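> following is a predicted model, sequence given first.
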Amino acid sequence: MARRAAPPGAGPAYYSAAPPRRAIHDPNESAFSRFMREEIWAPEKLPGNIGILSGLVVFFGGIAAVRTWGELMIPAFTELSDKMSLLASSRSAARHVLVPPAELWVSCFHTSPSRQAVKPKPRGSLPPPSRTKLVKDVASKKWSKKPKKSSRYEPPPVVEPPPKDPVPHEGRQDMRNNEKEVLRMNFDRPSRRPRRRSETSRKEDVGPLPSSLSLSEDLDRRRGGVGRQREDAGPSTTTVPLKPKVVTRLTDESVVSSRSESVEGLPSEFTSPPLMEGLLEMVVDVLGPHARPTPIQALSLKHLFKRPSPSSSTENSPQYHQYLLASETGSGKSIAYLLPLLQNLKLSELERAKSTSEPRDSGNRRASNPLSSFAKDLLHVVKLRVMCASRANTQSRQRVTASKMAEAFENVEGEFTVGANQRGKTHPVDVLVGTPSKILEAVRGRKWDHEEPKFEDTWDTEEGGRQRRRKVTVGEPQISLADVEWVVVDEADVLFDPDFQEETRMLLADISAARGHPVPFEQELDLATQEKEPSPLDYPFNLILSTATVPASLASYLDRYHPALTRLASPNLHHLPRTLTTEYAAWSGGNRDADIEQRIRRVWYEDAQNGVSEKSKILVFCNKSARVENLGEHLREKGIPNVALTSSSEERLRGSNHHLDGFLREKGEGVAAKGDAKGKSAVKKDATEDKEPPHVMITTSLLSRGLDFSPSVKHVFIVDEPRNLIDFLHRAGRSGRAGESGKVVIFGKPKGRGSNRTREIRQKVGALVA
Ligand SMILES: Nc1ncnc2c1ncn2[C@@H]1O[C@H](COP(=O)(O)OP(=O)(O)OP(=O)(O)O)[C@@H](O)[C@H]1O
């Protein structure tokens, strides 16, 4: 490169003051020292390099520190995490959705490790979380020496399986199956609301119908030996000629399906014998000349008309039997138990009259059951006297006058005359009908169970006045049960459910005591419990239990306390009547009352299309009283007269039947003045005569049992989901009775939210179709 020339006149200063800056290369200098000199230590680059270098040191130092810290800490955190299963529900939900490290973090963040060592406490008792404490504790753990990991593979320690239960819990699996079954059977959704007592007690109902309702033969086999004992005992060991392995679960597919096959070998007609002439006459009168016995009646004709042989039954130890009659709704169970009962009463009365000159009226009841009008219908010829223990006939409501009693006994056939009960005379009655509580009241005296002290009492009130408690007078017993020979418990599943079982058992025990053979009575008895050793109840009278459904609690009670019970079951038990069809109606998504109204109008339109002159009667079931009232109001506004009946309805509180009379009367017929629910005994015609009778009755499960609406009611609407399948069977069973056609319409949501539920119900109802 050419050197620049010095300006003219420039001296040596020029050269020293501004020498051109250029590197002086040492030819021996290494590349590294040159790089360090020029790139690192060069004054203009040095500050930047120092910055980069310190950054790198911090970065790698940090990684190393975190790694060491992590190695030490993660086992500690894992341990903590395991112990932190006490997480509250929200956090435990987080555990399930978060990936493990996050889970660890969540756990650590919320819980103090000092709590981990102690047993998890229930939520709510934990103190507020303390993160500071966690850090402190973890810090102390950090310094504890970690055992060095061996490079050699060591197999994990062998964990011995826990020893098996020395005594296996019998039935545990069954219980689990049972629970599943309960879930399957139950229409109820799980609810967080605490159950009220009545709801809890109804829980029994929602249980599975038992597989234990097998016929007696099957039952004996399972018990191993009971059958033998019973064989010795005499005729009560009769087995049922239906398929011996009938197992009646609601969803059991193996239930006998062919009626003709199942009634083989049973009487196919009402004949005399076994019926006595007068009774046969009455059956023909009530049911018509072509009536054939239903399966349960055929079973009754075969087994319940056997009179104990003189050898097995003596004056001092007569032979008594226990029967269960179980068959679907509307299958004629009332006749099945009334015929043998009435015939037996009549025959024993005739026998007694032959052997002694004792007058007929002993003043005591000889049978007790909760059904009267039907019995009265049957008794025109055989002349037995029936009385109904209801509010109208007992002193619990108001003073009974001779005229009131005369009214109450107006329909009693035979020689019965109303006596002056008030003057201490007795009322001879052959059949007493009533609820256990009403009969107990008549037996023990009015207000026998009153909890208030039976004396007058006064005390000072807070306001300074004096309060007076009225004296409670326990009434005189009105009847004696010493002569009771037959007891029928109709709707046995209800009368032995937790709400009523105590009164029912108490009444049975009272009758036994009155007859001089007391039986043990436990006030607080859980019928479903298997804990106690059962002591069979041997009542000194004939006992018939009648029911359309047998819940698990009843089956287990009968198995344990009534081993000698003869179980007679129709093949269609726990199914809908065969003549009942099911239909599903969809909510439109708008006003549900309007949907129901539309469906009602459709029924009547179809009636008109089919040439039916009288509109069909429709029974609508809701779950709540408020819903009943609202729907009633809506229909009334739309010009559909109806009867809305709830437990708090005025008429019901008065104990009157007129609401039913109004619904069941035909056009041109007046409302019954008194007595008969069907209005048959209406003599007085009234202003309602020319009015269009209501064709719709809306109610709750209040009317789902025991009432025979046939043949008036052909349509049942189920607008709210019933509590369980048993409830459904009883509601639907108000129609399609005694071989009459009927239809049950079930409302539900076909799509959208709630449609799964509808599908589920449809499936369950489908399983009930015979
Ligand atoms: N053999 C028969 N032939 C024709 N009709 C009958 C016969 N037996 C009973 N009935 C009629 O069947 C109807 C229903 O009878 P009942 O009330 O006894 O049935 P149920 O089985 O007790 O019903 P639920 O379980 O619902 O109380 C009655 O109207 C009765 O007159």
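It's in.
> Three-state assignment for G739, please.
At G739, secondary structure determined by DSSP: H, G, I helix; E, B strand; the rest coil is coil.
> what is the burial count for it?
Other residues near G739 number 16, with proximity taken as other CB atoms under 10 Å. From N, CA and C alone the C-beta is placed, and that goes for glycine too.
> look up how far L301 lies from the closest residue to it other than its chain neighbours.
Distances taken as CB to CB, 6 or more residues apart in numbering put T579 closest to G739, at 5.7 Å, once the chain neighbours are dropped. For T579, the distance to L301 equals 22 Å [CB to CB, to the nearest Å].
> got it, and G706?
From G706 across to L301, the span is 23 Å (CB to CB).
> between the two, who's got more neighbours?
L301 (22 against 15).
> before we move on, back to that, what about the residue nearest to G739, neighbour count?
Using other CB under 10 Å, the number of residues around T579 comes to 16.
> let me see the contact set for it.
When the contact criterion is CB atoms under 8 Å, 6 or more residues apart in numbering, the partners of T579 are 736, 739-742.
> closest to the ligand out of these?
G739 (6.2 Å; CB to the nearest ligand atom).
> quick check: that closest one vs E328, distance?
Counting by CB to CB - G739 and E328 are separated by 12 Å.
> repeat that for L46.
Taking CB to CB as the measure, L46 falls 103 Å from E328.
> same question, D26
In terms of CB to CB, D26 sits 117 Å off from E328.
> out of the two, which sits in the more crowded spot?
The neighbour count for D26 versus E328, taken as other CB under 10 Å, is higher for E328 (28 against 9).
> with adjacent residues omitted, what lies nearest to that one?
Closest residue in space to E328, ignoring its immediate chain neighbours: N572 at 4.9 Å, by CB to CB, 6+ apart.
> quick one: the one you found is in a strand?
No - judged by three-state DSSP, N572 forms no part of a strand; its state is coil.
> quick check on it: phi, psi?
Dihedral pair for N572: phi -90, psi 10, per degrees, to the nearest 10.
> can you get me a residue count around it?
When neighbours are counted by other CB under 10 Å, N572 comes out with 23.
> and W587, by the same measure?
When neighbours are defined as other CB under 10 Å, W587 has 17 of them.
> surely it meets G748?
Yes - if you go by CB atoms under 8 Å, W587 and G748 touch, sitting 7.0 Å apart.
> hey, what's in contact with both of those two?
By the contact definition CB under 8 Å, 6+ apart, W587 and G748 are jointly contacted by no residue.
> show me which residues of this structure are close to the ligand?
Residues of the chain found near the ligand (CB under 6 Å from any ligand atom) are 287, 291-294, 297, 329-335, 548, 706, 708, 710, 733, 737-738.
> how about 5 Å then?
Contacts of the chain with the ligand, taken as CB under 5 Å from any ligand atom, map to 287, 291, 294, 329-335, 548, 706, 708, 710, 737-738.
> give me the buried positions along stretch 585-602.
Buried positions in stretch 585-602, judged by neighbour count with 16 or more other CB atoms under 10 Å: 585, 587, 592-593, 595-597, 599-600.
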